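The following comprises the amino acid sequence and a computationally predicted model.
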Amino acid sequence: MNSGITLELLLWHEVYSAQVLLYTDFSRDDGRGLYSVELIDAYEKVQSKMFSSGKDVFVQTAFFNSFFVFRSVNIRVLSGKLDICEVEIYGDCISPYYGYSCLDICYLACLHQDCTYSGECYECTPGRTGTYCEDSLYNSTDFVTEAARQSSTEARFSVAKVKSVINKYAVTLIVCVLTILTIFIGKKCLSSLSDQVVSEEEE
């Protein structure tokens, strides 16, 4: 890279960074390859900037004491010529992302949706436990409350069942009574009708 050239490394998401390593081939430089490293946020504002040491070393380290949130890294050649072999950026994804490219999302059950590089929760939200906060955690109060809720549900179900049985038998009883009344009234009607026929015949 010649003087005035800028190499921009754009990342998938905003990340926190602590260290940027540049592997250079100083044997091919002209000895005047000075450059700067800038951390740029999503709004294209420079969050931090440092300059090369000017020493002929294979690895130039741009170390940032504080964590900065940034979206891209700009390597700008200020003078001379610079041969870059490799650039390494060490840092951490900004919450709620994690993973190699900061594309994976931490579980909702993680406290503040904050997790490790592999997605394990640092802490869980209240009532959750496990590596990924995937399990429910019941304390004694929760257990009693849950038991009371289940008992109440079972009691309501039992009452409804009893009412259903009572209604069923009540309907059956009413049908039986109506049948008996129908038979009784029918017999009475037949009896009075036959008495009337007999009396007419006697006349």
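Structure's in. What do you need?

lowest confidence element among the helices and strands of this structure?
Counting by mean pLDDT, DSSP states H and E, the chain has its least confident helix or strand at helix 140-202, which shows a mean of 53.

So for stretch 81-93, what gets flagged as buried?
Buried positions in stretch 81-93, judged by neighbour count with 16 or more other CB atoms under 10 Å: Leu82, Ile84, Val87, Ile89, Gly91, Cys93. Every residue, glycine included, has its C-beta placed from N, CA and C.

what is the mean pLDDT for that stretch?
Averaged across stretch 81-93, the pLDDT comes to 79.

Output it as PDB, nothing but the C-alphas.
The C-alpha trace of stretch 81-93 is given here as PDB (Å, rounded to 0.1, in the frame of the first residue of the first chain):
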ATOM      1  CA  LYS A  81       5.000   2.100   1.500                       C
ATOM      2  CA  LEU A  82       3.400  -0.600   3.700                       C
ATOM      3  CA  ASP A  83       3.000  -4.300   2.900                       C
ATOM      4  CA  ILE A  84       0.300  -5.800   5.100                       C
ATOM      5  CA  CYS A  85       0.200  -9.600   5.300                       C
ATOM      6  CA  GLU A  86      -2.600 -10.100   7.800                       C
ATOM      7  CA  VAL A  87      -4.900  -8.100  10.100                       C
ATOM      8  CA  GLU A  88      -6.300  -9.600  13.300                       C
ATOM      9  CA  ILE A  89      -9.000  -7.900  15.400                       C
ATOM     10  CA  TYR A  90      -9.500  -9.100  18.900                       C
ATOM     11  CA  GLY A  91     -12.600  -8.100  20.800                       C
ATOM     12  CA  ASP A  92     -16.100  -9.100  21.700                       C
ATOM     13  CA  CYS A  93     -19.500  -8.900  20.000                       C
END
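
what's the closest residue to Tyr122 other than its chain neighbours in contact with, if anything?
The shortest distance from Tyr122 to any non-neighbouring residue, by CB to CB, 6 or more residues apart in numbering, is to Asp114 (5.6 Å). Residues in contact with Asp114 (CB atoms under 8 Å, 6 or more residues apart in numbering) are Ser95, Pro96, Cys106, Cys121, Tyr122, Glu123.

check contacts around the closest residue in space to the third one that isn't next to it in sequence.
Looking back up the chat, that one is Cys106. Take Cys106 and drop its neighbours on the chain: the residue closest to it by CB to CB, 6+ apart is Cys115, 3.8 Å away. Contacts for Cys115 (CB under 8 Å, 6+ apart) come out as Pro96, Tyr98, Cys106, Tyr107, Cys121, Tyr122.

confidence score at the residue nearest to Tyr122?
Reading off the model, Asp114 has pLDDT 90.

Can you pick out the most distant pair from the contacts of Asp114?
Across the contacts of Asp114, the longest distance by CB to CB is 13.7 Å; it joins Pro96 and Glu123.

More neighbours: those two, which one.
Between Pro96 and Glu123, counted using other CB atoms under 10 Å, Pro96 has the larger neighbour count: 15 against 11.

do you know how far the more buried one is from Leu9?
Pro96 is 23 Å from Leu9, where distance means CB to CB, to the nearest Å.
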